[in-house]
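K.L.:
Build me a model from this:
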Amino acid sequence: MVNRLFAIVLTGLLVALVGLASVPAWAKQKEVASKIRDAGAELVRGNFERSIALYTEALSEPDLANERKATILNDRGVAQWRLRKAPEAIEDFNAAVSLYPEYAAIYNNRGNVLLGIGMLKEAIRDFDRAILLAPKYSAAYNNRAMAHVRLNEHNEAVQDFTDAIRLAPSSPVPHNGRGLAHLSLSRPHAALRDFTRTLSLDTKYAAGYRSRARVYLALSRYDQAIGDMTRAISFKSDDAQMYLTRAQAFRRKRRFKSALKDLDRAIELNPSLAPAYSERGLVLAMLQAFEPAFENLGRALDLDHRSATTYANRAWAFEANGDRISALPDVTRALKLNAANTRALGVRARDHEANGRNDKAALDYRKVVSLAPRNQEAWEALERLTGEVRPAPTTIGTSEFGDWSILRYGDGRYVARSHQFRRIEVPLETYGGSKPRLLEWEMKNNLYRGIGILRYYAGKLKGASKTEIVEYAAIVDINRRRVVALEPYRIGKRLSGWAWQEGRLVVSGADGITTEYRLRKPRRRSSPNVAGSPFGGQGYWGYKRRPVERRRVRKRRRKKSLFELLFN
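P.N.:
Predicted coordinates:
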């Protein structure tokens, strides 16, 4: 009996001792978890040094599981990259991958670092791995798209941005990225849709306004470009680049004083911004203020001596000042840095022409029109020197309905024209270098009279697993002689939805973007208040009928004769 009681007491003591021994381990785990939470909070606040120190302390715990250790290394790697410590960040990510190779976030984050240091192919391999492990990882698609953009693989970028939008439709970032890719592929209307969607998701997204302004500049819609840049500046008033972009729009609009005001502000914010000095020098030369113009252009070259744009601007300024001899060395430098600089080519062509070297002048003018097919000055010079005229676009196809034809310009642009609507030219943006094919033309009636929809085949969009056929629909305002927008009508099996609502058109695009267009203003009409009236005594579209006020007709007074004026 005594032995049995002794055994029970001994067992209880052993259990108590084991319990006491386990308390420090539990407390240590709690302390590690607290450090990880604090490190994450410091990372969010931007206190990267403190965050790294806390993550390092947490990693000193010897009993951490491999997966736990890998996540800490991944987060510390992010903090290292935020401090621009690329080698240390990659070292942390490599260690994390070796411990937890199935964790997709590590590959995405390492890919971001590789993208940042210019190792683009290696970055794409990491993003590929992240997407393979997590097929719905929208950030990895977006980041891989950015790598494709840097490699000038814009078609692949469009597909990746599209996948990122499908997975995160409320994020403005992939919409903005895809718009920039469309713009690089000479699809300004597609870019315009994406930028407009970007700004509908985030009305304070300054980069989105700047991107859309670039499209408006490409479409020569300078007032709208200026309006967007003004909004961007209201959200980011300390960004010198924003003022520079708006100044370029002012200059193209020939509002030189406004341009100079913006350039002064840009230089005030960033005294080392070479393009701002270059632009200010060009504007001053256009105003024939040559002394300060050359000072600014010289300052721009001091800051960036490899800028073809600045050399071309200074050559133009020398020419405008009547000094072609000084212009020619700058032309040579500009074309050595960028053989496609049309401003430098134009200066050299005019010098050749002034000195009777017409063959060489014509050669330079031909280069200009090959790079800028709409350069009217160069075409006029060619006609003057050689008799060459701007070639008319080539007809490559006609429609089976109406009288629409497809034409191709020398720069590869496709447009549609109709004999019935001679002053309207519908751009036909395509994918993959495909030739467009017209499919349908519909004219709307009633409230939308004068609105037409031209549907066409736009090529094939190559995806990760399959290639999909793309059809677009152009919304054409016949009365105003303009193209309102191009909307994707079909992508593969996905069709867009079109809702016509009281002067508005809401298009739920096949690519997931919903856009609203105001095509007609609701008209106010009086309607008889009779039984059975569809508006029940109210005006058209629900406006209350106002009584018609009759204007009082005043009788014209007969002019008095001279006799009446003299003798009343």
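K.L.:
So what's the residue count around the closest residue to Glu42 other than its chain neighbours?
P.N.:
Ranked by Cβ to Cβ, 6 or more residues apart in numbering and with sequence neighbours excluded, the top spatial neighbour of Glu42 is Ser51, at 3.9 Å. In this view, the C-beta of every residue, glycine as well, is placed from N, C-alpha and C. Using other Cβ atoms under 10 Å, Ser51 has 25 neighbouring residues.
K.L.:
ok, Ser51 touching Arg37?
P.N.:
No - counting by Cβ atoms under 8 Å, Ser51 stays clear of Arg37, with 11.2 Å between them.
K.L.:
how would you label the residue nearest to Glu42: helix, strand or coil?
P.N.:
Following DSSP: H, G, I helix; E, B strand; the rest coil, we place Ser51 in the helix state.
K.L.:
which residues touch the residue nearest to Ser258 when sequence neighbours are not counted?
P.N.:
Leaving aside its sequence neighbours, Ser258 sits nearest to Phe250 (Cβ to Cβ, 6+ apart; 4.4 Å). Going by Cβ atoms under 8 Å, 6 or more residues apart in numbering, Phe250 touches Ile226, Phe256, Ser258, Ala259, Asp262.
K.L.:
what's the answer for Ala372, then?
P.N.:
Contact analysis of Ala372 by Cβ under 8 Å, 6+ apart lists Thr342, Ala378.
K.L.:
so how far is stretch 351-366 off the chain centroid?
P.N.:
Taking the mean of its C-alpha atoms, stretch 351-366 sits 38 Å from the chain's own mean (Cα atoms, centre = their mean, to the nearest Å).
K.L.:
and that stretch, average pLDDT?
P.N.:
What stretch 351-366 shows for mean pLDDT is 93.
K.L.:
secondary structure class for Ala416?
P.N.:
Using three-state DSSP, the structure places Ala416 in strand.
K.L.:
Past the helix or strand containing the residue nearest to Ser258, which element shows up next along the chain?
P.N.:
In the assignment (DSSP states H and E), Phe250 maps to helix 240-252. Helices and strands here follow DSSP H and E; after helix 240-252, the next one along the chain is helix 256-269.
K.L.:
quick one: buried residues of that following helix?
P.N.:
For helix 256-269, a neighbour-count test (16 or more other Cβ atoms under 10 Å) marks Phe256, Ser258, Ala259, Leu260, Asp262, Leu263, Arg265, Ala266, Ile267, Leu269 as buried.
K.L.:
Of the contacts of Phe250, which pair is most distant in space?
P.N.:
In these, two members sit farther apart than any others by Cβ to Cβ. They are Ile226 and Phe256, at 13.6 Å.
K.L.:
Spit out the contact partners of Leu461.
P.N.:
Leu461 is in contact with Val158, Gln159, Thr162, Tyr431, Gly432, Thr467, Glu468, Val470, Ile491, Gly492, counting by Cβ under 8 Å, 6+ apart.
K.L.:
Please tabulate the residues you listed in a markdown table and include secondary structure, neighbour count and pLDDT as additional columns.
P.N.:
As requested, these are arranged in a markdown table below (DSSP: H, G, I helix; E, B strand; the rest coil; neighbours: other Cβ atoms under 10 Å; pLDDT from 0 to 100):
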| residue | secondary structure | neighbour count | pLDDT |
| --- | --- | --- | --- |
| Val158 | helix | 26 | 89 |
| Gln159 | helix | 22 | 87 |
| Thr162 | helix | 20 | 87 |
| Tyr431 | strand | 22 | 86 |
| Gly432 | coil | 13 | 78 |
| Thr467 | strand | 13 | 84 |
| Glu468 | strand | 16 | 87 |
| Val470 | strand | 23 | 92 |
| Ile491 | strand | 22 | 89 |
| Gly492 | coil | 14 | 88 |
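K.L.:
Find the residue ranges of this structure scoring beneath the pLDDT cut-off.
P.N.:
Flagging of the chain using pLDDT under 70 yields the residue ranges 1-28, 463-465, 521-568.
K.L.:
in it, which spans are strands?
P.N.:
With strands called from DSSP state E, the chain shows them at 394-398, 404-408, 414-418, 426-427, 437-443, 451-462, 467-477, 482-491, 494-495, 497-501, 504-508, 514-518.
K.L.:
Next, work out how far apart Leu428 and Leu263 are.
P.N.:
Distance from Leu428 to Leu263, counting by Cβ to Cβ, to the nearest Å: 38 Å.
K.L.:
Hmm, I typed the wrong one, I wanted Val158.
P.N.:
34 Å.
K.L.:
ok, now Glu49?
P.N.:
Glu49 sits 38 Å away from Leu263, taking Cβ to Cβ as the criterion.
K.L.:
Also Arg84?
P.N.:
Noted for Arg84: a distance of 30 Å to Leu263, by Cβ to Cβ.
K.L.:
Same check on Glu442?
P.N.:
Applying Cβ to Cβ, the value for Glu442 to Leu263 is 48 Å.
K.L.:
next one: Tyr311
P.N.:
Using Cβ to Cβ, we find Tyr311 at a distance of 19 Å from Leu263.
K.L.:
same deal with Pro292?
P.N.:
To Leu263, Pro292 is 12 Å away according to Cβ to Cβ.
K.L.:
before we move on, what about Ile233?
P.N.:
Counting by Cβ to Cβ - Ile233 and Leu263 are separated by 13 Å.
K.L.:
Next: Tyr216.
P.N.:
Applying Cβ to Cβ, the value for Tyr216 to Leu263 is 20 Å.
K.L.:
wait, isn't Gly116 in contact with Ala86?
P.N.:
Yes - assessed by Cβ under 8 Å, Gly116 is found in contact with Ala86 at 6.9 Å.
K.L.:
residues shared between the contacts of those two?
P.N.:
Taking Cβ under 8 Å, 6+ apart as the criterion, Gly116 and Ala86 do not both touch any residue.
K.L.:
Can you lay out the contacts of Leu461 as JSON lines showing distance to Glu319?
P.N.:
JSON lines is the format used below for these (distance: Cβ to Cβ, whole Å):
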{"residue": "Val158", "distance to Glu319": "41"}
{"residue": "Gln159", "distance to Glu319": "45"}
{"residue": "Thr162", "distance to Glu319": "46"}
{"residue": "Tyr431", "distance to Glu319": "42"}
{"residue": "Gly432", "distance to Glu319": "42"}
{"residue": "Thr467", "distance to Glu319": "50"}
{"residue": "Glu468", "distance to Glu319": "51"}
{"residue": "Val470", "distance to Glu319": "46"}
{"residue": "Ile491", "distance to Glu319": "50"}
{"residue": "Gly492", "distance to Glu319": "54"}
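K.L.:
quick check, nearest of those to Ala33?
P.N.:
Distance to Ala33 across the contacts of Leu461 (Cβ to Cβ) is lowest for Thr162, with 39.8 Å.
K.L.:
what residues are up against the closest one?
P.N.:
Residues counted as contacts of Thr162 (Cβ under 8 Å, 6+ apart) are Arg178, Leu461, Asp511.
K.L.:
Can I get stretch 162-174 in PDB? Just the C-alpha atoms.
P.N.:
The C-alpha coordinates for stretch 162-174 follow below in PDB (Å, rounded to 0.1, in the frame of the first residue of the first chain):
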ATOM      1  CA  THR A 162      -5.900  40.600 -69.300                       C
ATOM      2  CA  ASP A 163      -5.500  37.600 -67.000                       C
ATOM      3  CA  ALA A 164      -4.600  39.900 -64.100                       C
ATOM      4  CA  ILE A 165      -7.700  42.000 -64.700                       C
ATOM      5  CA  ARG A 166      -9.800  38.800 -64.800                       C
ATOM      6  CA  LEU A 167      -8.500  37.800 -61.400                       C
ATOM      7  CA  ALA A 168      -8.500  41.300 -59.800                       C
ATOM      8  CA  PRO A 169     -11.100  43.400 -61.800                       C
ATOM      9  CA  SER A 170     -11.200  46.100 -59.200                       C
ATOM     10  CA  SER A 171      -7.400  46.900 -59.300                       C
ATOM     11  CA  PRO A 172      -6.500  49.900 -61.400                       C
ATOM     12  CA  VAL A 173      -2.800  48.800 -61.900                       C
ATOM     13  CA  PRO A 174      -3.300  46.000 -64.500                       C
END
